[in-house]
Structures are given as C-alpha cells and as structure tokens.
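Novice: Whatever this is, show me its structure:
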Amino acid sequence: MKKNKHRNLNCRTIFILVILIAGLAACNNNSKNSEGPTDTPTSGSITISVDETFKPLVQAELDVFHATYPNAHLNTHFKTEFESVNDLLKDSAQLIIIPRELSAQEMKVFQAINLSVQKTKFAVDAIALITNPANLDSTFSMNQIRDIFSGTVSKWSQLDKSGISDDIHVVFDNANSSTVRYIKEIAGGKPFDGSRFFAQENNPDVIEYVGKHKNALGIIGVNWVSDSDDSTVTNFLHKVRVAALSPEVNAPGAGEYRKPYQAYIAQGYYPLVRNVYVIIRGGRRGLGTGFARFICGDAGQRIVLKSGLIPATMPIRVVDIKNKNVFDN
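Specialist: Alright, predicted model coming up:
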C-alpha cells in the first residue's frame, strides 16, 4: 500500500511540474507577443505610403537613408493622396507624406481610439503646368487658370487668337490625386467637364500624353521636372514645355510671368504652391520618427533643395546677380 501511495505521489508531482512548465512557456510566449513593434529610429521595418507626386524626392531621401542605416527598411508604396490617408487611418501605413494636414474629420478617427498623430512640414512644393512644345501659348495669369479649370474658357483661341483653335484638354495624374483636389479648390469646387478633363495613372503618364498632344495642358508636381541632374527629368523636359505663370493682382511679382524655379517659389512670385507634410501614426519613437527626423534634418533638407522644392527647416538664400541683392528666407 505504501509503495502505491508513493507511486501515486510521484505521478501527481510530475503532473504538477508538467502543468507549471507549460504555464511558464505560455507566459513566455505571451510576453514575446506582447512586446509590440521592435523597430527603432534607425533599424527595423515599417510600411509607409507616399503621394505619388513626390516620388522623385522621396525616393532620393529613401536611397540615402537606407544607405546610411542598412538595418532600416521602409516598405514604401507610392499612391494617391486619398489612398495614402486611408492607409494611415486603417493602420496599413505607419507614416505618410502628403501635401496637406489631416482634416478635422480624419483626426476624429485617431481621437476616438486615443491615438496621437505627429505632423511635420518638411518642404514647400509647387504645381507645374506643362504644354506641348508645338503649342506656343505657355504663359497664364491666375485668372486664366481659374477660367480654364472652371470651364469658362474651353479653347486655346480664347486665350490667344493667334494660337491653335483646338479645345483645351486638361490632363492630370489621377482622379484621386492631390493635384486634382488642389485644382478644384482653385476652380471654386466646380466639377470638371468630362469631355475636356482627363485622368492618367501617374505624373510620367501626364508628361507622355502632353508630349504627344498639341492641345493638352498637363498638371504635375514640380519635382518631376526640376532636378536637371536627373536623367529622367532631362528626358521629360525634351518632351514638354513648362509654363510660366503670373501671380494674383497686387501679389508680389504681379504682372510678370515666371516658371516654377526655386527662387521664385521661395520669394512668393510663383503662385501655385503648397506645403508638404510627413505624418506619423502614434507617438512612439520608432523607425517612422527616425525617417521624419532625417528628412527634416540637414542631409534630408539638402535633398529637398536639390530636388527643386523649398526646404522647410533650412534657411534659403536667393542671390540676385543682376542687382547684387541677397534675400534670406
């Protein structure tokens, strides 16, 4: 009897030990699973979404960031502004780059789950208008731009009687793009005439279309045609002509037509400009904040400058060689 009791006691002890070991293993696994994200400001992996308008600039930033921090990987998707914001709202992207702040309605989504959002302006962008080289009409006032976008002016001959008589075909990158939203705001929110306004897939497609159609007026982000050291940009510039614009009446530089060069954007002489923001979901210090600090830091802002945009956190010096004047912005 004593032997059986001793054997039963051993069996119970072994059973209890097995339960304890299994419990400890489960606790360890749960502990590992509850650690959350493991990325740091210079390592790990996250997904980001970027407005396709800024692909040349952001790709240059990514190339240098990845080369500087080889243990960091930003899985980047270039999309429309609309899709990028949706990715942030759905937690499909931890960081987005778009040319606007989040709306009050969008912020409510994060407020409802008590989640903070980090927002930093890191560049000033310009919208460029492009025409076919065979079309000699490549200067526009802001009133003419509004008339074209609102539908008041529909033919090239209404702008210049000596020009072509064709309808003006306005071409933009995508129906959900930031440039379309921006243009609609200029036009007073009126819907576009489907017979004269056409959406492509992206900015390069707009350039290709305008290069092949004499009556087209294309709308693109300026960094697609501003970096003269980029062979792709040089190729694009052989296909199209960048238009010169005149600011609003009583605005700086009114009455003079200027192309979207950095100096004119910085001085406020070029009218179609907008701010570019990097927006991060959550407040933790991870790879998203590391990349944001990089593009807002010295190296990242120099890349912005080279791309043809205006750095937001670096002072700009514009030198007027003719009049020997220096302007600091």
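
Novice: which helices and strands does the strand or helix carrying residue 64 pack with?
Specialist: Element membership for residue 64 (DSSP states H and E) is helix 55-68. Counting contacts by 3 or more CB pairs under 8 Å, 6 or more residues apart in numbering; DSSP states H and E, helix 55-68 is packed against strand 72-79, helix 287-296, helix 298-307. C-beta here means a position set from N, CA and C on the backbone, and glycine is covered the same way.

Novice: what comes up buried for it?
Specialist: Judged by neighbour count (16 or more other CB atoms under 10 Å), helix 55-68 contains these buried residues: 55, 56, 57, 58, 60, 61, 62, 65.

Novice: And for stretch 142-158?
Specialist: Within stretch 142-158, the residues scored as buried using 16+ other CB under 10 Å are 142, 144-151, 153-154, 156-157.

Novice: next one: stretch 289-300
Specialist: Buried, per 16+ other CB under 10 Å, within stretch 289-300: 289, 290, 291, 292, 294, 295, 296, 300.

Novice: Quick one: mean pLDDT over that stretch.
Specialist: For stretch 289-300, mean pLDDT is 97.

Novice: Same question for stretch 84-102.
Specialist: 97.

Novice: And that stretch, end to end?
Specialist: One end of stretch 84-102 sits 11 Å from the other (CA to CA, to the nearest Å).

Novice: again with stretch 192-205
Specialist: 20 Å.

Novice: Next secondary structure element downstream of the host helix or strand of residue 206?
Specialist: Take DSSP H and E as the rule and residue 206 turns out to sit in helix 203-212. Next along the chain after helix 203-212, taking DSSP H and E as the criterion, comes strand 216-221.

Novice: Kindly export that following strand (C-alpha atoms) in CSV.
Specialist: Only the C-alpha atoms of strand 216-221 are listed here, as CSV (Å, rounded to 0.1, in the frame of the first residue of the first chain):
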residue,chain,number,x,y,z
ALA,A,216,-3.0,69.3,-73.9
LEU,A,217,-2.4,71.2,-70.7
GLY,A,218,-0.8,69.0,-68.1
ILE,A,219,-0.7,69.4,-64.3
ILE,A,220,2.2,67.7,-62.4
GLY,A,221,4.3,68.1,-59.3
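
Novice: who does it pair up with?
Specialist: Here strand 216-221 is paired, per DSSP bridges, with strand 117-131 (antiparallel), strand 169-172 (parallel).

Novice: okay if I get these as JSON lines plus mean neighbour count?
Specialist: Converted to JSON lines, those look like this (neighbours: other CB atoms under 10 Å):
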{"stretch": "strand 117-131", "mean neighbour count": "21"}
{"stretch": "strand 169-172", "mean neighbour count": "21"}
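
Novice: would you turn those into TSV with mean pLDDT and distance to residue 50?
Specialist: Output for these, formatted as TSV (pLDDT from 0 to 100; distance: least, CB to CB, whole Å):
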stretch	mean pLDDT	distance to residue 50
strand 117-131	96	12
strand 169-172	95	18
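
Novice: got TSV for the ones you listed, with distance to residue 203 too?
Specialist: As requested, those are exported to TSV (distance: least, CB to CB, whole Å):
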stretch	distance to residue 203
strand 117-131	10
strand 169-172	9
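
Novice: Compare those strands and give me the one nearest residue 265.
Specialist: strand 117-131 (5.1 Å; CB to CB).

Novice: Could you point out the helix or strand that follows that closest one?
Specialist: Using DSSP H and E, the helix or strand that follows strand 117-131 towards the C-terminus is strand 139-141.

Novice: helices or strands up against the helix or strand that comes right after that next one?
Specialist: Downstream of strand 139-141, the first helix or strand assigned by DSSP H and E is helix 142-150. Contact here means 3+ CB pairs under 8 Å, 6+ apart; on that basis helix 142-150 packs against helix 178-186, strand 244-246.

Novice: ok, 10 Å please
Specialist: strand 117-131, strand 139-141, helix 178-186, strand 216-221, strand 244-246 (3 or more CB pairs under 10 Å, 6 or more residues apart in numbering; DSSP states H and E).

Novice: could these be laid out in CSV, adding distance to residue 92?
Specialist: As requested, the helices and strands packed on helix 142-150 are exported to CSV (distance: least, CB to CB, whole Å):
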stretch, distance to residue 92
strand 117-131, 15
strand 139-141, 39
helix 178-186, 19
strand 216-221, 23
strand 244-246, 37
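
Novice: Done for today, thanks.
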